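**Student:** Fold the following, please.
(3 chains)
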Amino acid sequence: MPEGPSIVILRELIEELDLEGQEVIALSGNTKIEKDRMLHHKVKAFKSWGKHFLICFENFSLRIHFMMFGTYRINERKQTPARLSLSFENAELNFYTCSLKYVEGDVNVNYDWSSDIMAEQWDPKKALKKMKTKSQALICDLLLDQEIFSGLGNIIKNEVLYRVGIHPSSVIDSIPVAKLKLLITEARQYSFDFLNWKKAHVLKKHWLVNTRQFCPLKHPLIKSYLGKTKRRTFFCPVCQILYH
DNA sequence: AAGGATGTTGCCTG
DNA sequence: TCAGGCAACATCCT
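**Tutor:** Just a heads-up that it's a prediction; the model follows:
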């Protein structure tokens, strides 16, 4: 569920319901946040920023983060209790096991859309600048930095590093700038590939290294937990160059 | 069939 | 004091 493209799918599904301008007429769920705050308020917009899904009202927004296991149902219910259920005149949105939080004021003030890898406003040059300020960081950690690549998750990290031939333990400072630029371009491209494959239910079969034992050139892959983030990393020691 | 994972927060410990 | 460890969240996949 949680990487950026999955949130874009959710946003698109909800946008199809044409709920903008409609009033929340009932709320339920086991969330601890003050959910009734949204009662009788009209939704201004549904937005996404990386892994955040936002339901925007006049002076505040609800931020939904699905973490690792969160799910949702649109006009359907699961057996398990919803964390939050929002009712509209002709639709019901149900969110399960997610983290909820209010964001005060204008979302455009709170969120920098240029760091969302899937946004129209995505700014690759800004990403490169931010990366250069962390010159000693490992690339496997920086790709997961939501301030730089919001929406990029662990699967995308593994796949993108293989595609551009960079070893996950490479140090930023040592990677040629042309390679970094290629990586940034590919991170966005792969996110859209992910989106389309996920929609077509063929995402997994396109994985070149994630959860695999051999790379496409039949080299044995290494699986380890690298970087400060210690996230599961699959890489090919032959195809991916270590810059350090 | 047990155990780990697409993620983040926040508490606990040394 | 603070970095690191680890549980929590619930479901699906291997």
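**Student:** count of residues packed around the residue in chain A that DNA strand B sits nearest to?
**Tutor:** Distance from DNA strand B to each residue of chain A (C-beta to the nearest atom of the strand) is smallest for A:G153, at 2.4 Å. Any C-beta I mention is one placed from the backbone N, CA and C, and that applies to glycine too. Close neighbours of A:G153, defined as other C-beta atoms under 10 Å, add up to 22.
**Student:** show me what contacts it?
**Tutor:** When contacts are counted by C-beta atoms under 8 Å, 6 or more residues apart in numbering, A:G153 touches A:P2, A:E3, A:G4, A:K51, A:L144.
**Student:** quick one, phi/psi of A:A187?
**Tutor:** Backbone dihedrals for A:A187, given as degrees, to the nearest 10, come out at phi -60, psi -40.
**Student:** what about the spatially closest residue to it that is not a sequence neighbour, helix or strand, and which?
**Tutor:** On the basis of C-beta to C-beta, 6 or more residues apart in numbering, the spatially nearest residue to A:A187 that is not a chain neighbour turns out to be A:V160, at 5.1 Å. Assigned by DSSP states H and E, A:V160 belongs to helix A:154-164.
**Student:** helices and strands around that helix, which ones?
**Tutor:** Packing contacts for helix A:154-164, counted by 3 or more C-beta pairs under 8 Å, 6 or more residues apart in numbering; DSSP states H and E, involve helix A:139-142, helix A:177-199, strand A:231-235.
**Student:** buried stuff in it?
**Tutor:** A:N154, A:I155, A:I156, A:K157, A:N158, A:E159, A:V160, A:L161, A:Y162, A:R163, A:V164 (16 or more other C-beta atoms under 10 Å).
**Student:** Neighbours of the residue lying closest to A:R188 once chain neighbours are set aside, how many?
**Tutor:** If the residues on either side of it in the chain are set aside, A:R188 comes closest to A:I117, at 5.1 Å by C-beta to C-beta, 6+ apart. The number of residues packed around A:I117, counting by other C-beta under 10 Å, is 25.
**Student:** per-residue pLDDT, A:I117?
**Tutor:** A:I117 is assigned a predicted lDDT (pLDDT) of 94.
**Student:** what sits against the closest residue to A:S224 other than its chain neighbours?
**Tutor:** Counting by C-beta to C-beta, 6+ apart, the nearest residue to A:S224 once its immediate chain neighbours are dropped is A:T233, at 5.9 Å. Residues in contact with A:T233, defined by C-beta under 8 Å, 6+ apart, are A:C140, A:K157, A:N158, A:P168, A:K223, A:S224, A:Y225, A:L226, A:G227.
**Student:** Tell me which residues are up against the helix holding A:V160.
**Tutor:** Taking contacts as C-beta under 8 Å, 6+ apart, the residues outside helix A:154-164 that touch it are A:3-4, A:139-140, A:143-144, A:152, A:167-168, A:179, A:182-183, A:186-187, A:190-191, A:194, A:207-210, A:215, A:231-236, A:239-240.
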